[in-house]
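1. A predicted structure for the sequence below; I have some questions about it.
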Amino acid sequence: MINEFKAFIMRGNVMDMAVGIIIGAAFTAIVTSLVDDLVNPLIGLVIGGVDFSGISFGLGDAQFMVGNFINAVIKFVIIAWVVFLLVKGVNRVASMAKKEEAPVEEAPKGPTTEELLAEIRDTLKAR
């Protein structure tokens, strides 16, 4: 069981996923800082000094933090845009690499099934 676990962990997919999760967590910290420290103050400056994190309302004992939701939506849009640009860039590089590759010549085609069966028939008749 331990050997199976080692084989599972050492597969390329698991290692790639682990690296992606770690980089994603670091990227999330950067985007959070970008939104909280740069984007929100800029938006607040444009629309009159509104700080989204302070927007909330209450009903009874429940407090609805609308501003935090707005911050989360802004972070999502930024992350989605960056991921879109990354995928677009990777696809462009991949398509350029495909164009640069020389076309592979097709292997010579072998006989069809009918031709093989006819050859077997003729060989059997000759015997």
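-> Structure received.
2. residue 22: how many residues sit nearby?
-> Residues contacting residue 22 under the criterion other CB atoms under 10 Å number 10. C-betas here are computed from N, CA, C, even on glycine.
3. go on, residue 74?
-> Residue 74: 18 neighbours (other CB under 10 Å).
4. how about low-confidence regions in the chain?
-> Within the chain, the segments meeting pLDDT under 70 span 9, 12, 49-51, 100-105, 107.
5. so which bits of the longest helix along it are buried?
-> The helix that spans the most residues within the chain, counting by DSSP state H, is helix 66-100. By neighbour count with 16 or more other CB atoms under 10 Å, helix 66-100 contains the buried residues 67, 70-71, 74-75, 78-79.
6. need the residues you listed in CSV (columns: distance to residue 20).
-> Formatted as CSV, the buried residues of helix 66-100 follow (distance: CB to CB, whole Å):
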residue, distance to residue 20
67, 30
70, 28
71, 24
74, 23
75, 18
78, 18
79, 13
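7. just these now: which is nearest residue 36?
-> Using CB to CB, residue 71 comes nearest to residue 36 of the buried residues of helix 66-100, at 6.9 Å.
8. so that closest one makes contact with residue 37?
-> No: between residue 71 and residue 37 there is no contact under CB atoms under 8 Å: 11.5 Å.
9. hmm, back to that, would you tell me what the next helix or strand after the longest helix of the chain is?
-> Per DSSP states H and E, the first helix or strand lying C-terminal to helix 66-100 is helix 113-126.
10. how far does that next one sit from its chain's centre?
-> Distance of helix 113-126 from its chain centroid, counting by CA atoms, centre = their mean, to the nearest Å, is 53 Å.
11. that'll do, ta.
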